[in-house]
Every structure is written in C-alpha cells, then in structure tokens.
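In: Quick one: sequence and predicted model below, then my questions.
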Amino acid sequence: MTALTVDTSKLWDMIKDIRFGMLTVRGADRSLYSRPMTTQNGEADRGGVIWFFMSRSGQPVADLTQSPDVNVSYANPEADSYVSVSGSARIFDDPVKKKELWSAAANAWFPAGVDDPDLALVAILVAQAEYWDVKSNKAVQIFKLAKAAITGEPPADLAEHRRVRMR
C-alpha cells in the first residue's frame, strides 16, 4: 500500500463519470445495507462532501440518522477503476444547495420538485477514501497474474493504489 496523500484531484476524476455509488449504512438491527444512489456532485463540488437526494420517509435516511458512519463505493470495471469512500452522513436543510444540485433525473424520483417536503439533501462528509486505478492493458495484467501464479510472488504494479485522507 502506498503512503497517505492529500491530493484529491485523482479521486474526483475517477468518481465524476460514475453516476451511481453503493451507499452502505448500518441498519437498526446493526446489519450493513447497501443501496445504489445517484451522486449529485457537479464540477464545483469536488471538495470533501458527496451529495445525494433521498426520501426523508425512506429507510436509508432513518438508518443514517441512527448511525451516521457510512461507506460509498464506486466501480468502473471498463476502466478498471474502483473507489471506496468512508465518512459521516448528515441531512442538510439548505434550499439553495438543493436547487443548485437539482436535475431532471432528480425530478423523476421527486415529481413535486425541489421543494418537495419529502426531499432530503444528504451530505457524506468524507473522512478518507481509497482508490485503485489499473493502468496496464488486459494482456499485461494477464501476463503479470500468470507470472505470479508460476513464481508464487504476488503480482506487482497492477494498479495505482492510494489512500486519501480528507479530514
């Protein structure tokens, strides 16, 4: 594993084209539950917060209100890139931010619009993230895996792996 770094640009470059993240929360029964969520962040939102719209009356909001520690994972298998983000979830009652992040896709889930009383704006305050970004082509990957199988040594340099601490 590589050393900690504070440069978040690579992390956001990897996330920006992956519209759905799997949000994992701890339920009232203490079990972990993962649900696909649409990331609302735009180019201006590349700081330490990931934004989601959720139903106030839905189970995910109830779960994260009881236990705010969450994880969001992103995967882009075509590009061989993977991101895992951990942090704390908070409900933000900010009508200006809701309007800023609103989209036609959000309207499909909340037909009453941005002023829908059931619309919750959820911020994931990112504590840290890890990413894996494979740069070598499939043939090189297969060669390195085959070499590892023959030599018994783990494959080296298959992916760039970094941990990013946000706070």
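Out: Received, thanks. Numbers count the residues shown, from 1 in each chain.

In: pLDDT on the strand ranked longest in the chain, on average?
Out: Secondary structure of the chain per DSSP state E: the longest strand is strand 119-133. Strand 119-133 shows a mean pLDDT of 92.

In: Quick check: bridge partners of Val49?
Out: Note on Val49: beta-bridge partners by DSSP bridges are Leu125.

In: residues contacting Ser88?
Out: Contacts here follow C-beta atoms under 8 Å, 6 or more residues apart in numbering; on that basis Ser88 touches Pro68, Asp69, Val70, Ile124, Leu125, Ala127. C-betas here are computed from N, CA, C, even on glycine.

In: and it, what element?
Out: Using DSSP states H and E, Ser88 falls within strand 81-92.

In: Quick check, Ala123 in contact with Trp51.
Out: Yes - under the criterion of C-beta atoms under 8 Å, Ala123 is in contact with Trp51, at a separation of 6.0 Å.

In: Tell me what the residue nearest the centre of the chain is bridged to.
Out: Nearest to the geometric centre of the chain sits Val72, at 3.8 Å (C-alpha atoms, centre = their mean). When assigned by DSSP bridges, Val72 has beta-bridge partners Leu23, Val85.

In: Please report the distance of it from Val83.
Out: Remark: distance between Val72 and Val83 (C-beta to C-beta, to the nearest Å) = 8 Å.

In: Next: Ile15.
Out: Note on Ile15: its distance to Val83, by C-beta to C-beta, is 6 Å.

In: what do those two both touch?
Out: Common neighbours of Ile15 and Val83 (C-beta under 8 Å, 6+ apart) are Tyr74.

In: one step back: check which helices and strands the longest strand of the chain sits against.
Out: Contact here means 3 or more C-beta pairs under 8 Å, 6 or more residues apart in numbering; DSSP states H and E; on that basis strand 119-133 packs against helix 9-15, strand 49-55, helix 59-66, strand 81-92, helix 95-101, strand 160-165.

In: Just say which of the ones you listed is most tucked in.
Out: strand 49-55 (a mean of 20; mean count of other C-beta atoms under 10 Å).
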